[in-house]
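Visitor: what's the 3D shape of this:
(one chain, ligands or ions: 2)
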Amino acid sequence: MRYSEMFLPTEREIPSDAELISHQLMIRAGLMRKLTGGIYSYLPLGYRVIRKFEQIVREEMNRAGAQEVFLPMVQPAELWQESGRWVHYGKELLRFRDRHDREYCLGPTHEEVITDLVRNEIKTYRQLPRNLYQIQTKFRDEIRPRFGVMRCREFGMKDAYSFDMDEAGAEISYRKMFDAYQRIFTRCGLNFRPVEADSGSIGGRYSHEFMVMADSGEDAICHCSVCDYAANLEKADIAKPVEYDAAVSTFDIEEVKTPGVRTIEEVCGFLKVAPDAVVKTLIFSADDTPVAVLIRGNQEVNEIKVKNFLGCNSLELADDAMIKKATGSPRGFVGAVGIQARVIADYSLLGMSDCIMGANREDYHLRHVKPGRDFTIADFADLRMIRESDPCPRCGGKIRFARGIEVGHVFKLGTRYSKAMKAVFLDQNGKEKIMVMGCYGIGIGRTVAAAIEQNHDADGIVWPLSLAPYAVIITPVNVREKTLCDAAEVLYCILTEQGVEVILDNRDERAGVKFKDADLIGIPYRVTVGPKQLAEGKMEIKARRSGEVAILPVSEVAPFLMDRISEKCAVR
Ligand code: ATP
Ligand code: MG
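Guide: Ligands and ions are numbered 1, 2, ... in the order given. This next block holds a predicted model:
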């Protein structure tokens, strides 16, 4: 493409409403423009990158045996009522009515539509397993769209759905998608990690989020410094300690007056003890029943773990009335001695035999409390948030924290939708069975933005070759010199003939301006055609990423570039 004909509005200024570097660069490099809050148009350069990424996704999905479909974005309310999500999805679901007053929504995801399609068409085990995917626009009315296309309202997603006869089949489908995702993000040259994610009570054990590592990422993750264990902070398991201090206290329980002393900090200051000697008692309402969760004063409760452990539908901190009823005490002085509720404790309390806790009486705490003697712990479990330097649950190595951008998600759905929507089939014995499903998403725009977060420098974007909108930009330094133009044009024709995607920067601009734009839009190779070198029959090639420069005879330029480009393309 000749630059002079391109619709490529670049900007020098940093847009004032863009916090994230990828957002700034996507505007500055003319990849996209905002239409309205959380809704963007891709311009030609940006759309080329999107198409590049979509193509990688397509190739890998097809390779994994998934088949492409294209489902409607407008979805009838009835399907969502069947799955139960019309009520539960909340305000992210954009609902509207047609002229006949029928209700619809814009698809934020497509479980309902695909399950409806499959239940109507698949009747027997011979038609299973199947995996169907699409690359399509989703709409989610995000409460706070931000970071450009990273968290917007209208966005492209690849979503795939697998249907299997049983759990074992679903497991294989899941693995295939997991492997395809590894290949997709590797081909994009991204530094990423699949991390174990919470899938709540419906998803079974298996859910992984694919995280592109970036300090600017919204998600907190932890990973092992030794093995490849990685998980979302909320999900990260903490192994039951094998050894713990089993010193047995011989002190008698004692009540201490602690007027106005409520928080762990205040208790520690007042009684001159370390936070891990204090036990926090948190009263939760689990499906409207009070449950006391005990944890050491220096730890945080992980509500997701508590919820999963109890297997309840709803879990929230109890209100004052429930606390009063279970403990007889106001907030701040709650403890486990004499409590009217099931008591569960984090593993870190194992072996603890002398602790401080609230006395269930205003302005009092208890000292020398001995679990087992003074109150009963019904269960010990992993109920706390992981911390940096905790041992890795898999290998014992040290846990490190990091931040990431969730670009993909693979999820075992089980029979959550197939059961509600009656997606059944006849098995080998003619018996009716429910299909077992999985769903697998990749954010298209978000991945492109994440790639920029990882691949940029002070001058602009540094595209990985596999995503670059063009591989080469040819820059004659002065288009008023015919010899330079002619030489540039010949190279442009040769490369184009060979199928290389090239920009010929034929604008009548100063060389400095052209170089700045080439760097900003991040084209992997720039060929400079200047008078001095051309007089010697040479051209200069500069690699955007390494800054490496090669000055080659004109006839060797195209072969050199072809070689570089195909070599990189071969990395799969
Ligand atoms: P998040 O926790 O970031 O909101 P999610 O769990 O809602 O993501 P999924 O429903 O699993 O996301 O959607 C699959 C993929 O779609 C995500 O991994 C992400 O890459 C992308 N995605 C989700 N929401 C958005 C959004 N608002 N803007 C851009 N991409 C998104
Ligand atoms: Mg979301």
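Visitor: host element of residue 156?
Guide: Assigned by DSSP states H and E, residue 156 belongs to strand 154-164.
Visitor: So for stretch 43-54, what gets flagged as buried?
Guide: 43, 45-46, 48-50, 52-54 (16 or more other Cβ atoms under 10 Å). For every residue, glycine as well, the C-beta is placed using N, CA and C.
Visitor: before we move on, the earlier item: tell me which other helices or strands the strand holding residue 156 touches.
Guide: helix 44-63, helix 111-121, strand 130-139, helix 167-187, strand 436-443, helix 444-454 (3 or more Cβ pairs under 8 Å, 6 or more residues apart in numbering; DSSP states H and E).
Visitor: ok, it: who's next to it in the sheet?
Guide: Using DSSP bridges, strand 154-164 pairs in its sheet with strand 130-139 (antiparallel), strand 436-443 (antiparallel).
Visitor: On the pLDDT front, check the residue in the stretch 401-550 of the chain that ligand 1 sits nearest to for me.
Guide: Relative to ligand 1, the nearest point of the stretch 401-550 of the chain is residue 443 (2.3 Å; Cβ to the nearest ligand atom). Looking at residue 443, its pLDDT stands at 98.
Visitor: same check, this time on the one 4 residues further on
Guide: In this prediction, residue 447 carries a pLDDT score of 98.
Visitor: circling back to that earlier point, if I look at the residue of the stretch 401-550 of the chain closest to ligand 1, how far off is residue 151?
Guide: 9 Å (Cβ to Cβ, to the nearest Å).
Visitor: of these two, who's got more company?
Guide: residue 443 (24 against 21; other Cβ atoms under 10 Å).
Visitor: Which of the helices or strands spans the residue nearest to the spatial centre of the chain?
Guide: Taking Cα atoms, centre = their mean as the criterion, residue 406 is the residue nearest the geometric centre of the chain, at 1.4 Å. Using DSSP H and E, the element containing residue 406 is strand 399-414.
Visitor: do the same with residue 280
Guide: Using DSSP H and E, residue 280 falls within strand 279-286.
Visitor: and that strand, how far out from the chain's middle?
Guide: Distance, stretch centre to chain centre, for strand 279-286: 30 Å (Cα atoms, centre = their mean, to the nearest Å).
Visitor: Could you list every helix and strand in contact with it?
Guide: strand 289-296, helix 303-310, strand 315-317, helix 320-327, strand 355-358.
Visitor: Please repeat the previous calculation with a cut-off of 7 Å.
Guide: Secondary-structure packing of strand 279-286 (3 or more Cβ pairs under 7 Å, 6 or more residues apart in numbering; DSSP states H and E): strand 289-296, strand 315-317, helix 320-327, strand 355-358.
Visitor: any idea which of these is most buried?
Guide: Burial of the helices and strands packed on strand 279-286 is given as mean neighbour count (mean count of other Cβ atoms under 10 Å); strand 355-358 ranks first at a mean of 25.
Visitor: quick one: contacts of that strand?
Guide: Identification of contacts with strand 355-358 by Cβ atoms under 7 Å, 6 or more residues apart in numbering yields 267, 271, 273, 277-279, 281, 329, 333-336, 365-367, 369.
Visitor: and if you look at stretch 467-475?
Guide: So stretch 467-475 is contacted by 45, 48-49, 52-53, 188, 448, 451, 465, 488, 491-492, 495, 500-505, 514-515, 518, 522-529, 561, 565 (Cβ under 7 Å, 6+ apart).
Visitor: start to end distance for stretch 358-370?
Guide: Stretch 358-370 has its terminal residues 13 Å apart, counting by Cα to Cα, to the nearest Å.
Visitor: My error: substitute stretch 348-362 in the last question.
Guide: End-to-end span of stretch 348-362 (Cα to Cα): 27 Å.
Visitor: Pull out the buried residues from that stretch.
Guide: 348-350, 352-362.
Visitor: And for stretch 463-475?
Guide: 463-475.
Visitor: Same check on stretch 87-95?
Guide: In stretch 87-95, counting by 16+ other Cβ under 10 Å, buried: 89, 93.
Visitor: Start the count at 455 instead of 1 going forward.
Guide: Sure, I'll start counting at 455 from here, so that last one is stretch 541-549.
Visitor: can you give me the mean pLDDT across it?
Guide: 92.
Visitor: Can that stretch be said to contact ligand 1?
Guide: No: Stretch 541-549 stays clear of ligand 1 (Cβ under 6 Å from any ligand atom), getting no nearer than 8.4 Å.
Visitor: Now do that stretch: distance from first to last residue.
Guide: In stretch 541-549, first residue to last residue: 11 Å (Cα to Cα).
Visitor: Tell me if residue 831 really is in a strand.
Guide: No: looking at residue 831 with DSSP: H, G, I helix; E, B strand; the rest coil, it is coil, so not inside a strand.
Visitor: what about it, how many neighbours?
Guide: Residue 831: 17 neighbours (other Cβ under 10 Å).
Visitor: quick one: contacts for residue 785?
Guide: Contacts for residue 785 (Cβ under 7 Å, 6+ apart) come out as 774, 777.
Visitor: Can you classify it by secondary structure?
Guide: With three-state DSSP as the criterion, residue 785 reads coil.
Visitor: Distance-wise, check residue 1016 relative to ligand 1.
Guide: The gap separating residue 1016 from ligand 1 is 34 Å, by Cβ to the nearest ligand atom, to the nearest Å.
Visitor: Would you mind naming the helix or strand containing that residue?
Guide: Counting by DSSP H and E, residue 1016 is found in helix 1008-1024.
Visitor: Now for the residue nearest to residue 810 when sequence neighbours are not counted: which residues touch it?
Guide: Nearest residue to residue 810, sequence neighbours excluded (Cβ to Cβ, 6 or more residues apart in numbering): residue 732, at 4.7 Å. Taking Cβ under 7 Å, 6+ apart as the criterion, residue 732 is in contact with 718, 721-722, 751, 809-811.
Visitor: Same question for residue 950.
Guide: Taking Cβ under 7 Å, 6+ apart, one finds residue 956 in contact with residue 950.
Visitor: I'd like the average pLDDT over the strand or helix carrying it.
Guide: Using DSSP H and E, residue 950 sits in helix 936-951. Helix 936-951 carries an average pLDDT of 97.
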